[in-house]
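S.K.: got a sequence here, can you model it:
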Amino acid sequence: MVDNEMIEMYGKMHIALQKLEKCSEFSSLVPEVRTNLVYARSSAKDTDDVLAVDGRITVVNGMPHASGNVKFAASSHMARLMLELRKVDPSYRAGIDFANGPELASWLEDFCREKKWLFGSIDRSREPEEIKQAEGMSMPWKVQEAVRTVDGQVPKIFYETGAVGKEPVSVLVGSDPLEVVDQVCEIARAYNARK
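M.R.: Below is the predicted model:
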């Protein structure tokens, strides 16, 4: 059943993706696992309530490119992350993941300081073995860890270090996908222009 919120969500996601696909600088921040952009319903309870890009966002001819359509339940990882973050601060409904590494993490920390954005981190080496082994337990732990690093608040940007078989990624969150894409493109342009 289509409702007004769904219509608004699809519209914002399509406009946000059009903007992202025109931001050539973001291509350098697409990780090997690819990127996803997610947008949760205001009453989201599970991944079926989160809109995402089916097949993620990749790079084609040097430009970011959505490899599939926008649809509900198209994301597992980023959708579960948003659901956990919203337990702490429900004003965050959208997020995007992108590359990470020591140089980018250091630069992002300075960028966030200038913007007065909260910046957090998740050290995967601190993850308890019993949480790593239990299906679905890593995400609540990761969110608790990110929130812990900024005194109980949801950071605007946070990153996680890599672990065995896990690529390090950064995450930026916001109220909707237009805000998130505008901000991640600003980051990509500034990071690419730093040299």
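S.K.: and the helix or strand of the chain with the lowest mean pLDDT, what does it pack against?
M.R.: Least confident helix or strand of the chain, by mean pLDDT, DSSP states H and E, is helix 129-133 with a mean of 81. Packed against helix 129-133 by the contact rule (3 or more C-beta pairs under 8 Å, 6 or more residues apart in numbering; DSSP states H and E) you find helix 138-148. (Each C-beta comes from the backbone N, C-alpha and C, glycine too.)
S.K.: pull the residues that contact the helix it packs on.
M.R.: Here helix 138-148 makes contact (C-beta atoms under 8 Å, 6 or more residues apart in numbering) with 77, 80-81, 84-85, 87-88, 120-123, 126-128, 131-132, 153-155, 158, 160.
S.K.: Lys19 belongs to a helix?
M.R.: Yes: under DSSP: H, G, I helix; E, B strand; the rest coil, Lys19 falls within a helix.
S.K.: circling back to that earlier point, can you tell me which of the contacts of helix 138-148 are in helices?
M.R.: Using DSSP state H, the subset of these located in helices is 77, 80-81, 84-85, 87-88, 131-132.
S.K.: now distance to Glu8 and neighbour count too, for those residues, in TSV please.
M.R.: Below are the ones in helices among the contacts of helix 138-148 laid out as TSV (distance: C-beta to C-beta, whole Å; neighbours: other C-beta atoms under 10 Å):
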residue	distance to Glu8	neighbour count
His77	24	17
Arg80	23	20
Leu81	22	22
Glu84	24	18
Leu85	21	24
Lys87	23	12
Val88	24	14
Ile131	36	14
Lys132	38	13
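S.K.: what is the most widely separated pair among the residues you listed?
M.R.: Val88 and Lys132 (22.0 Å; C-beta to C-beta).
S.K.: please enumerate the helices of this protein.
M.R.: So, for the chain - with DSSP H - the helices run 4-21, 77-88, 102-115, 129-133, 138-148, 177-192.
S.K.: show me what contacts the residue nearest the centre of the chain?
M.R.: In the chain, the centroid-proximal residue (C-alpha atoms, centre = their mean) is Ile96; its distance is 2.7 Å. Neighbouring residues of Ile96 by C-beta under 8 Å, 6+ apart: 35-38, 78, 171-172, 177, 180-181, 184.
S.K.: where among the helices of the chain is average confidence lowest?
M.R.: Looking at the helices of the chain, the lowest mean pLDDT belongs to helix 129-133 (a mean of 81).
S.K.: which one of the helices of the chain lies nearest to Glu167?
M.R.: Per C-beta to C-beta, nearest to Glu167 of those: helix 77-88, 11.4 Å.
S.K.: tally up the residues packed near Asp182, please.
M.R.: Residues contacting Asp182 under the criterion other C-beta atoms under 10 Å number 15.
S.K.: was I right about it contacting Ile15?
M.R.: No: Asp182 is beyond contact range of Ile15, at 10.6 Å (criterion: C-beta atoms under 8 Å).
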